[in-house]
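*Asks:* Below are the sequence and a predicted model for it; my questions follow.
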Amino acid sequence: MAGNGHVPFDVGKVGGAKLRALRQACGLTQLTVELEASLGTGYLQRVESGRVQQPERETLERILDALGATFAQRRDVLETFGYIVTITPPLPHDIAWATQQTDPMLHKVCFPAYLLTCTHHLLAWNVAAEALFRQVGIQNLADFQSAPIFHLFFEGILPSIHNPAEFLAAVVQALRHEISKFQHEAWCISLIEGLLQDLPLFKTHWDVTTSKPPSVVAARPLVPLEIAPIIGGKLKFRITAEPLTADPRFRVVYYLPADVATLQLYTHEGSMCSP
């Protein structure tokens, strides 16, 4: 035991234990994985037991491929062994998986909700979201799938927002928080540059928030939105988001009713949840 009272971190044993847990959860034998990953007989046993302290990254990638590991599982294992894992935009098969996984979840939620990628592209939404945006003049949410969702906020529904200064500033602050872990990735830099170029009002708020300290809250801050549907009245929401456990490059965004009138609308029979 070290002098400070802490047991030294054994990379090999911890990483090996994680691989063993993944393999056992898949119901695969060591020999099956070794054959699939083109490894020598007995090699995986040595890795799982911690006797191989630092497997080659390419070898670990083959093992993880054989195990069908998710993005989050791959990142966890690779980082445990000391390898830097870049966050890359999801590929088409990742998007298909995330959409399939979240579709039942979205349609169980009575208030507006949708699925975004880490590039902030809209993938799927529920009936309540479709109804809300239709009430503020957006007839087809699919029209906003080809560009980051900030075009919907800073252009599409802007005339219907009752608290634009507060809402847009909060949206930008939330974005800064969300990209803090991968803001130096090329795709993220490109995302921000595109928004600054295409949306002048986004640039205004981005410049204002540049000097503000980052959020000390671990979760995404609640974003206040007051919006007036064409049918009259005013709806109040607090927007929040939760990343998918298996792949944090995706997040489900929820519009939580923030006052009694809005809550009643989304819980009353015949509410905006209906098609």
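*Replies:* That came in fine, so what should we check first?
*Asks:* can you give me the helices in the protein?
*Replies:* With helices called from DSSP state H, the chain shows them at 11-26, 30-36, 43-49, 57-67, 71-80, 92-108, 127-135, 150-151, 164-178, 186-198, 200-209, 260-267.
*Asks:* among these, which gets the worst mean confidence?
*Replies:* By mean pLDDT, the lowest-scoring of those turns out to be helix 260-267, with a mean of 88.
*Asks:* Flag every buried residue along it.
*Replies:* Buried residues in helix 260-267, defined by neighbour count with 16 or more other CB atoms under 10 Å: 262-263, 265-266. The way it works is simple: take the backbone N, C-alpha and C, and place the C-beta from them, glycine included.
*Asks:* Out of the residues you listed, which is nearest to residue 252?
*Replies:* Closest approach between the buried residues of helix 260-267 and residue 252, by CB to CB: residue 266, at 16.5 Å.
*Asks:* How many residues are close by the nearest residue to residue 246 once chain neighbours are set aside?
*Replies:* Of all residues not flanking residue 246 in the chain, residue 70 sits nearest, at 4.3 Å (CB to CB, 6 or more residues apart in numbering). The local packing of residue 70 (other CB atoms under 10 Å) involves 17 other residues.
*Asks:* Report how many residues lie close to the residue lying closest to residue 157 once chain neighbours are set aside.
*Replies:* Excluding the flanking residues, the one nearest residue 157 by CB to CB, 6+ apart is residue 136, at 5.0 Å. By other CB under 10 Å, the residues close to residue 136 number 18.
*Asks:* now swap in residue 157 and tell me
*Replies:* When neighbours are counted by other CB under 10 Å, residue 157 registers 20.
*Asks:* From what I see, it and residue 137 are in contact.
*Replies:* Yes - Residue 157 is within contact range of residue 137, at 7.4 Å (criterion: CB atoms under 8 Å).
*Asks:* residues contacting residue 209?
*Replies:* 169, 172-173, 176 (CB atoms under 8 Å, 6 or more residues apart in numbering).
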